[in-house]
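Colleague: Next input, structure requested:
(chains A and B)
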Amino acid sequence: MSVQTWTFIIVGITFALYIGIAIWARAGSTSEFYVAGGGVPPIANGMATAADWMSAASFISMAGLISFMGYDGGVFLMGWTGGYVLLALTLAPYLRKFGKFTVPDFIGDRYYSNVARTVAVICALIVSFTYVAGQMRGVGLVFSRFLEVDINTGVYIGMAIVFFYAVLGGMKGITYTQVAQYCVLIFAFMVPAIFISMNMTGNPIPQLGFIGTMTDGSNMALLDKLDQLHRDLGFAEYTSGTKSMIDVFAITFALMVGTAGLPHVIVRFFTVPDVKGARVSAGYALVFIAILYTTAPAIAAFARTNLIETVSNQPYADMPEWFSKWEQTGLIVFDDKNNDGTIQYVADAATNELKIDRDIMVLANPEIADLPAWVIALVAAGGLAAALSTAAGLLLVISTSIARDLIKMQIRPDISEKGELLSARIGAVFAVMVAGYFGIHPPGFVAAVVALAFGLAAASFFPAIILGIFDKRMNRQGAVSGMIVGITLMLFYMIKFKFDGFGGGTPEQWWFGISPEGFGTVAMFVNFIVSFAVSRMTTPPPQDVQDIVEDIRLPSGAGEAHVH
Amino acid sequence: MSNDNKAQKYWKENLVYLGILLAVWFLVSYVFGIFLVEPLNTVKIGGAKLGFWFAQQGSIYVFVILIFVYVSLMNKLDKKYGYDN
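Modeller: Now for the predicted structure:
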């Protein structure tokens, strides 16, 4: 059977499964819609969190990024997993004890202020929308390459599916669908990795193959071989990287703190039965994430070695079928500058003849390694599972923000539960439409903004939440001014150095040598300092708020997540 | 022991655990994976340089262990102070 037939079959089966689950687990109340009634078992919640968190970017792009960045790619690996440690130790148990539905809920109550709540809602919406646009684009990419339909048709199909189970199922439907999606995506990620690790190093476990020896007779360690290939072609050594140490530090830190501050990840910990559940659920989530995140660098190294050996100094006419298929999508470009009919793939831009888009590495990897057609189809289904699960989680945050944080808490506090549920569903419909629009008409800066969304989350939310738990003296004035200064500073730096506003700037002019991707770290520290200073100069928070803080520090007595 | 006093003691012990665990968190990622990556790269684990390995593999394994150590420490602490109902 052809790759395309296999793709139709496997994608069809997985989609039927997701819809079946959504119908079985649909939500009947606002509590089920927002937090699945707070009754999801921790291990299922861990899987759902992992699927929610691992987006099309983790599944499709990350290994490709690492394979082109080498050591520098470690910022994503450490950043996106280390953030979970922060989340598990400093946020999840306390927010669960607090027992409401959203991050703006916490900020609004803890800082006894609708201004703080509104600032938090706006930050949550900005972060979520940028993310979701990227997911829909990922869905379109997979559809267009593997089902050979138009990229826009792909986006419409994706919208219809997400619409169906997010609007109908709410958090309850999404959680159980995400459990299924995790299984699909991790299976799809691991199967080709195991095959390739076996082929190249003789070890079926990719994490061990990564530090193993090549079986091609050279008896060299895989990574030594890769370093040598890089040196021969004039690239920086794979295991050394090119970024400055301070920038690697800043980016890693911003990603960690940003992860811990992402609203669609935090809300996951409101869905477990108690504080104990929230703690252990973060642990399970990280196990499920770590399986993919420790495999990704192995895939990156395998793919890079395979790629160089397949194309470097080989005649163009001898290239395998996948090469021309990706050329048709414009993601591989060959330009025979010296007209010798062979491919020179080197670091020097003047003589390099091959351009490869980093996003295709994971999708093309099984083809490069010549794996069976069903494995290639499986990867397509995995990419879709990753994109859809994250998109659904984000849509829920958006609809909750609209229905609860804006309408119920601010505009019409007397709304009935039925009315609130209806407005949450309308909010989800609206969010799907907007996401689809951005999927079809992607602003050129989507990819850049997704990376920066972490910086924004780090600069705005994180200090306000941490201080809300660990500093009883923190008050409204401190938190609000911290959030505003933090996010403004981050936006300014981003616009100046990324989008050429405020007179623009070159990498040489970066403050402390830190790139816009890493600047969230600086903005976060500024936020902390401003919050602290302002709070100490103004009046302490009222007694009932101080009592809330005392209460969330103790684990016992966390009821079902509830409406106050 | 009054309730307030008990709560304060519980919170203090909690903060000590947090401090120790976050120190390990910082050590394996920022110190081993970034600041000391060059000197550690002179040592090898299998076919990989150690500093590079910490940045792309080792730190993640330690992160997973850290969370489960935290869970078990906190469960014990909850029991000790009677907050485990």
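
Colleague: Kindly check the end-to-end length of stretch A:328-346 for me.
Modeller: With CA to CA, to the nearest Å applied, stretch A:328-346 spans 22 Å between its terminal residues.

Colleague: roughly how far out does that stretch sit from the chain middle?
Modeller: Mean-position distance between stretch A:328-346 and its chain equals 33 Å (CA atoms, centre = their mean, to the nearest Å).

Colleague: Run through who's touching that stretch.
Modeller: For stretch A:328-346, the surrounding residues in contact (CB atoms under 8 Å, 6 or more residues apart in numbering or on different chains) are A:144-145, A:233-235, A:308, A:311-317, A:319, A:323, A:326-327, A:351-357, A:359-360. For glycine as for every other residue, the C-beta is placed from the backbone atoms N, C-alpha and C.

Colleague: buried ones in it?
Modeller: A:331-332, A:334, A:343-346 (16 or more other CB atoms under 10 Å in any protein chain shown).

Colleague: pLDDT value on the residue in the stretch 301-450 of chain A that chain B sits nearest to, please?
Modeller: Relative to chain B, the nearest point of the stretch 301-450 of chain A is A:A301 (9.0 Å; CB to the nearest CB). pLDDT, A:A301: 90.

Colleague: swap in the one 3 residues further on?
Modeller: If you check A:R304, the pLDDT there is 89.

Colleague: Report the next helix or strand after the strand or helix carrying it in sequence order.
Modeller: In this assignment (DSSP states H and E), A:R304 forms part of helix A:275-311. Moving toward the C-terminus from helix A:275-311, the first helix or strand encountered (DSSP H and E) is helix A:321-328.

Colleague: May I see the buried residues of that next one?
Modeller: A:322-323, A:325-326.

Colleague: Looking at the residues you listed, which two lie furthest apart in space?
Modeller: Spatial extent of those (CB to CB) is set by the pair A:F323 and A:K325 at 7.3 Å.

Colleague: Do I have it right that A:M220 meets A:G212?
Modeller: No: between A:M220 and A:G212 there is no contact under CB atoms under 8 Å: 10.6 Å.

Colleague: Find me whatever residue is spatially closest to A:L229, sequence neighbours aside.
Modeller: Leaving aside its sequence neighbours, A:L229 sits nearest to A:I308 (CB to CB, 6 or more residues apart in numbering or on different chains; 5.0 Å).

Colleague: What of A:G520?
Modeller: Nearest to A:G520 is A:G455, by CB to CB, 6+ apart, at 2.9 Å.

Colleague: What about the one you found, how many residues nearby?
Modeller: Neighbour count of A:G455, defined by other CB atoms under 10 Å in any protein chain shown: 31.

Colleague: And for A:I356?
Modeller: The burial count for A:I356: 19, using other CB under 10 Å.

Colleague: what's the pLDDT at it?
Modeller: pLDDT, A:I356: 84.

Colleague: Got the phi and psi for the nearest residue to it once chain neighbours are set aside?
Modeller: Excluding the flanking residues, the one nearest A:I356 by CB to CB, 6+ apart is A:I332, at 5.5 Å. Here is the backbone geometry of A:I332 (degrees, to the nearest 10): phi -120, psi 130.

Colleague: how about the strands in chain B?
Modeller: For chain B, the strands defined by DSSP state E cover B:44-45, B:48-49.

Colleague: Tell me which of the ones you listed lies nearest to chain A.
Modeller: strand B:48-49 (4.2 Å).

Colleague: Sheet-wise, list the partners of the closest one with their directions.
Modeller: The strands beside strand B:48-49 in its sheet (DSSP bridges) come out as strand B:44-45 (antiparallel).

Colleague: Now for the closest residue to A:S531 other than its chain neighbours, how many residues are close by?
Modeller: Nearest residue to A:S531, sequence neighbours excluded (CB to CB, 6+ apart): A:G482, at 3.2 Å. Other residues lying near A:G482 total 27 when counted by other CB under 10 Å.

Colleague: could you redo the buried residues of helix A:321-328 as a markdown table and give each row distance to B:F35 and pLDDT?
Modeller: Shown next, in a markdown table, are the buried residues of helix A:321-328 (distance: CB to CB, whole Å; pLDDT from 0 to 100):
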| residue | distance to B:F35 | pLDDT |
| --- | --- | --- |
| A:W322 | 41 | 81 |
| A:F323 | 41 | 85 |
| A:K325 | 44 | 79 |
| A:W326 | 39 | 80 |
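
Colleague: Tabulate those residues in JSON lines, adding columns for distance to chain B.
Modeller: Shown next, in JSON lines, are the buried residues of helix A:321-328 (distance: CB to the nearest CB, whole Å):
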{"residue": "A:W322", "distance to chain B": "27"}
{"residue": "A:F323", "distance to chain B": "28"}
{"residue": "A:K325", "distance to chain B": "30"}
{"residue": "A:W326", "distance to chain B": "26"}
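
Colleague: Okay, now the unreliable bits of the chain?
Modeller: This is for chain A. A:26-39, A:101, A:134, A:145-147, A:165-166, A:169-170, A:405, A:409, A:442-451, A:557-564 (pLDDT under 70).

Colleague: meant chain B actually
Modeller: Scanning chain B for pLDDT under 70 picks out the ranges B:1-2, B:85.

Colleague: centroid residue for it?
Modeller: Central residue of chain B (CA atoms, centre = their mean): B:L21, 2.8 Å from the mean position.

Colleague: hang on, the earlier thing: okay if I get the strands of chain B as CSV plus mean neighbour count?
Modeller: Converted to CSV, those look like this (neighbours: other CB atoms under 10 Å in any protein chain shown):
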stretch, mean neighbour count
strand B:44-45, 16
strand B:48-49, 24
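
Colleague: Dump these to a markdown table, plus distance to A:P104.
Modeller: Below are these laid out as a markdown table (distance: least, CB to CB, whole Å):
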| stretch | distance to A:P104 |
| --- | --- |
| strand B:44-45 | 45 |
| strand B:48-49 | 44 |
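
Colleague: just so I know, which of the ones you listed lies nearest A:Q207?
Modeller: Proximity to A:Q207 (CB to CB) singles out strand B:48-49 among the strands of chain B, at 10.6 Å.

Colleague: circling back to that earlier point, against chain A, how distant is the residue nearest to the centre of chain B?
Modeller: Going from B:L21 to chain A by CB to the nearest CB, to the nearest Å gives 6 Å.

Colleague: My understanding was that that residue contacts B:F68; is that so?
Modeller: No: with contact defined as CB under 8 Å, B:L21 does not reach B:F68; the gap is 10.8 Å.

Colleague: Right, and chain B sits closest to which residue of the stretch 351-500 of chain A?
Modeller: A:F470 (8.3 Å).

Colleague: which residues in chain A form strands?
Modeller: Using DSSP E, the strands found in chain A span residues A:332-334, A:354-356.

Colleague: at contact distance from chain B, anything in the lengthiest helix in chain A?
Modeller: If you go by DSSP state H, chain A has its longest helix at helix A:151-201. No: Helix A:151-201 lies out of reach of chain B by CB under 8 Å from any CB of the partner chain, never closer than 8.8 Å.

Colleague: That helix vs helix A:275-311, what angle?
Modeller: In terms of direction (axes from the mean of the first three to the mean of the last three CA atoms, to 10 degrees), helix A:151-201 departs from helix A:275-311 by 80 degrees.
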